[in-house]
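Novice: Sharing a sequence plus its predicted fold:
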Amino acid sequence: MSKTSRRKFLQAGAGIAAVSASSTSVSASTAKNERPRNVLFIGVDDLNTSLHCYGDPTVHTPNLDRLAARGVRCDADYCQYPLCSPSRSSLLTGLAPDTTGIYGNRTHFRQNIPDVVTLPELFRKNGYFSARVGKIFHYGNPEEIGTDGLDDPVSWNYTYNPCGVDRLKDEPLVTNYTPNRGKGGRLGSSIAFYPAPSPDEEITDAIGAKEVIRLLGEKHQDPFFIAFGLYRPHVPWIVPRPYFDRYPIDTIQAKPFDPSELKIAPPPAYWTQPPNFGMNEMQRREAIRGYYAATTFMDAQVGKVLTALETLGLADNTLVVFWVDHGWQFGQHGQWMKQTLFEHATRVPLIFAGAGVPVQGGVIRHTVEHLDIYPTVAELCGLKAPENLHGQSLARILKNPNEVWSKPAVTQVARPGGPDPQIMGYSIRTDRYRFTSWQDGYAGEELYDYQNDPRELNNLADDPKMHRTKFILQKALNTITATRGKNRHP
């Protein structure tokens with residue numbers, strides 16, 4: 001693209017209004033096996049991989065679909081901790097939560113590990129233009145939208161905090177089915193939604209997308225690491241009404257709830273109190289509709305950025321990484337949101353596409369984890385990562401998704417949560433099984449066989465036939481947690 005053409009593109013609203021992201025395909029040449037010159041690092045808040053990604057028949061995510069089609073998707077990626085700050089601190093430092101010491105949303109990881117080199121900081125130190133737009137490190141959503149929150153200034157050359165009418169005007173208008181949750185009316189802990197009359201361009205994530213596109217145009221001649229953090233589909237679900245209209249309420253089904261599901265696992269396994277937050281069936285259906293609408297809105301903003309990457313001629317030399325901090329639950333076991341060690345809270349979408357990823361439309365079905373993202377991105381870009389990272393590079397299996405891979409994933413969560421947990425649950429996930437151990441004075445175990453029990457309805461921890469399987473998983477879990485700083489920050 002010539003300088004004149006690029007200038008005209010940016011002046012036309014950074015391509016936001018003119019581009020229909022879902023209808024524009026990305027060139028197949030972006031999957032060339034070459035070292036990336038740039039990285040576009042896209043993070044999303046609270047996206048459930050089991051239901052709402054990769055061609056889901058109910059939820060429309062055409063841009064995530066097209067991104068996956070030009071790269072490799074990891075269908076069994078697991079976060080280290082199903083809560084925003086612990087998960088993001090771990091992913092961006094490459095260190096497990098027991099090393100970062102972050103178990104809640106109020107403490108900055110540098111209080112415990114001041115000299116750590118984060119992933120974006122690694123790129124900045126190696127001469128890249130490192131930029132953050134939106135939520136990458138943690139800050140309260142939505143309460144701290146428009147602020148730096150718990151950002152890490154040394155990681156970036158430039159930061160931008162988008163803030164739209166969803167935060168500035170619309171929050172008092174939400175329908176809130178859990179008004180007693182949180183303190184001071186904090187909507188980030190509430191099941192709340194609002195079909196906004198505003199157009200996309202006035203909503204926070206769309207403002208962020210426009211800024212990312214501006215940066216892509218401005219920094220196209222310099223190697224860059226641009227991180228775009230979107231706020232949706234985190235609650236409150238405030239997105240333009242047309243996204244709600246795509247999901248008529250009579251097409252939405254709520255998960256049936258059987259109280260006996262609360263007896264499957266030990267008491268610390270459950271977080272939502274009361275089950276389903278006391279919502280009736282219609283309220284749950286309306287909440288699910290709000291989540292679907294917010295997911296499709298998020299996808300549209302990602303699509304605008306992907307289209308701009310292509311239009312600006314940057315797709316062939318840019319590695320695109322799409323990740324999510326943790327999953328989200330819709331009533332499985334009566335649970336909502338996150339903060340459990342069940343599958344829907346821990347399993348998350350992950351896509352690598354573009355430069356450095358030679359396979360198009362590939363699927364890695366083996367278990368991987370968030371800790372693998374840092375060493376993978378560093379290796380693909382030819383950078384030397386810190387030697388103390390806890391993950392393992394996926395570069396080898398990105399080239400051959402069917403290659404043998406047997407590394408498990410470990411997720412943990414604290415009870416009651418925060419900086420001083422009384423009980424810690426550790427969960428190890430292999431391709432077939434999950435074993436969970438609730439520790440620190442509470443003896444409780446879970447064992448699920450996903451080949452025969454994908455809904456986690458049969459806890460096999462006390463089944464004599466599963467004794468050897470449980471022993472092997474427990475031993476592996478103990479070995480991994482010991483090497484990842486277990487109890488370093490009690």
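Specialist: Happy to help now that I have it.

Novice: Can you check the pLDDT for the residue nearest to residue 153 when sequence neighbours are not counted?
Specialist: Take residue 153 and drop its neighbours on the chain: the residue closest to it by CB to CB, 6 or more residues apart in numbering is residue 159, 7.7 Å away. In short, each C-beta sits where N, CA and C put it, glycine included. Note for residue 159: predicted pLDDT of 98.

Novice: Confirm that residue 159 sits in a helix.
Specialist: No - Residue 159 is assigned strand when assessed by DSSP: H, G, I helix; E, B strand; the rest coil, not a helix.

Novice: List the contacts of residue 432.
Specialist: By CB atoms under 8 Å, 6 or more residues apart in numbering, the contact list for residue 432 reads 449-451.

Novice: PyMOL command for the buried members of those?
Specialist: Entered in PyMOL, the line below selects the buried ones among these, by 16 or more other CB atoms under 10 Å:
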select buried, resi 449+450
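
Novice: TSV for the contacts of residue 432, including pLDDT, distance to residue 369 and secondary structure?
Specialist: Converted to TSV, the contacts of residue 432 look like this (pLDDT from 0 to 100; distance: CB to CB, whole Å; DSSP: H, G, I helix; E, B strand; the rest coil):
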residue	pLDDT	distance to residue 369	secondary structure
449	98	20	strand
450	97	16	coil
451	97	20	coil
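
Novice: Tell me the one of the contacts of residue 432 nearest residue 78?
Specialist: residue 450 (12.4 Å; CB to CB).

Novice: Can you tell me the closest non-neighbouring residue to the closest one?
Specialist: residue 432 (6.0 Å).

Novice: Ok, residue 207 next?
Specialist: residue 162 (3.9 Å).

Novice: where's the one you found, which helix or strand?
Specialist: Using DSSP states H and E, residue 162 is not contained in any helix or strand.

Novice: mind checking pLDDT for it?
Specialist: Predicted confidence (pLDDT) for residue 162: 98.

Novice: where's it relative to residue 201, distance?
Specialist: For residue 162, the distance to residue 201 equals 11 Å [CB to CB, to the nearest Å].

Novice: which residues are common contacts for the two?
Specialist: residue 207.

Novice: Need phi/psi at residue 281.
Specialist: Backbone torsions for residue 281, taken as degrees, to the nearest 10, come to phi -60, psi -40.

Novice: residue contacts, it?
Specialist: Counted by CB under 8 Å, 6+ apart, residue 281 has contacts residue 254.

Novice: quick one: residue 45 and residue 84 touch, right?
Specialist: Yes - if you go by CB atoms under 8 Å, residue 45 and residue 84 touch, sitting 7.0 Å apart.

Novice: what's the burial count for the closest residue in space to residue 463 that isn't next to it in sequence?
Specialist: Among residues not flanking residue 463 along the chain, residue 447 sits closest, at 7.6 Å (CB to CB, 6+ apart). Residues near residue 447, counting by other CB atoms under 10 Å, number 20.

Novice: Equivalent analysis for residue 246, please.
Specialist: 14.

Novice: okay, it: pLDDT?
Specialist: 96.

Novice: how about the contacts of residue 432 in JSON lines, adding distance to residue 338?
Specialist: What follows is the contacts of residue 432, written out as JSON lines (distance: CB to CB, whole Å):
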{"residue": "449", "distance to residue 338": "24"}
{"residue": "450", "distance to residue 338": "19"}
{"residue": "451", "distance to residue 338": "25"}
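
Novice: any idea which of the contacts of residue 432 is closest to residue 361?
Specialist: The closest of the contacts of residue 432, once distances to residue 361 are taken by CB to CB, is residue 450, at 24.2 Å.

Novice: what about that closest one, distance to residue 342?
Specialist: 11 Å.

Novice: what touches both of those two?
Specialist: residue 456.

Novice: quick one, what contacts the closest residue to residue 274 other than its chain neighbours?
Specialist: Spatial nearest neighbour of residue 274, excluding adjacent residues (CB to CB, 6+ apart): residue 334 at 8.0 Å. Residue 334 sits next to 257, 259, 261-262, 270, 272, 274-276 when contact means CB under 8 Å, 6+ apart.

Novice: Residue 470 against residue 449, yeah?
Specialist: No - applying CB under 8 Å as the test, residue 470 and residue 449 come out as separate, 11.0 Å apart.

Novice: what's the overlap in contacts for the two?
Specialist: Contacts common to residue 470 and residue 449, judged by CB under 8 Å, 6+ apart, are residue 460.

Novice: Are any of the contacts of residue 334 buried, and if so which?
Specialist: Buried among the contacts of residue 334 (16+ other CB under 10 Å): 257, 261-262, 270, 272, 275-276.

Novice: Phi first, then psi, for the residue nearest to residue 207.
Specialist: phi -70, psi 150.

Novice: Likewise for residue 303?
Specialist: phi -60, psi -40.

Novice: ok, it touching residue 60?
Specialist: No - contact criterion CB under 8 Å: residue 303 and residue 60 do not qualify, at 11.0 Å.

Novice: ok, these two, which is more surrounded?
Specialist: Between residue 303 and residue 60, counted using other CB under 10 Å, residue 303 has the larger neighbour count: 25 against 20.

Novice: what about the residue nearest to residue 346 when sequence neighbours are not counted, neighbour count?
Specialist: Spatial nearest neighbour of residue 346, chain neighbours left out: residue 411 (4.7 Å); criterion: CB to CB, 6+ apart. Around residue 411 sit 27 other residues, with neighbours defined as other CB under 10 Å.

Novice: ok, residues contacting whichever strand or helix holds residue 411?
Specialist: Assessed by DSSP H and E, residue 411 sits inside strand 409-415. The contact list for strand 409-415 (CB under 8 Å, 6+ apart) reads 76-83, 96-98, 103-104, 268, 339-341, 346, 367-369, 421-429, 438, 442, 477, 480-481, 484.

Novice: among the residues you listed, which ones are buried?
Specialist: Buried among the contacts of strand 409-415 (16+ other CB under 10 Å): 76-83, 96-98, 103-104, 268, 339-341, 346, 367-369, 421, 423-429, 438, 477, 480-481, 484.

Novice: Mind checking which of these land in helices?
Specialist: 97-98, 346, 477, 480-481 (DSSP state H).

Novice: Could you export the residues you listed as a markdown table, including distance to residue 38 and pLDDT?
Specialist: Below are these laid out as a markdown table (distance: CB to CB, whole Å; pLDDT from 0 to 100):
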| residue | distance to residue 38 | pLDDT |
| --- | --- | --- |
| 97 | 30 | 97 |
| 98 | 33 | 95 |
| 346 | 31 | 97 |
| 477 | 38 | 97 |
| 480 | 33 | 96 |
| 481 | 36 | 94 |
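
Novice: Can you add distance to residue 283 and give the residues you listed back as TSV?
Specialist: Converted to TSV, these look like this (distance: CB to CB, whole Å):
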residue	distance to residue 283
97	33
98	38
346	26
477	38
480	40
481	39
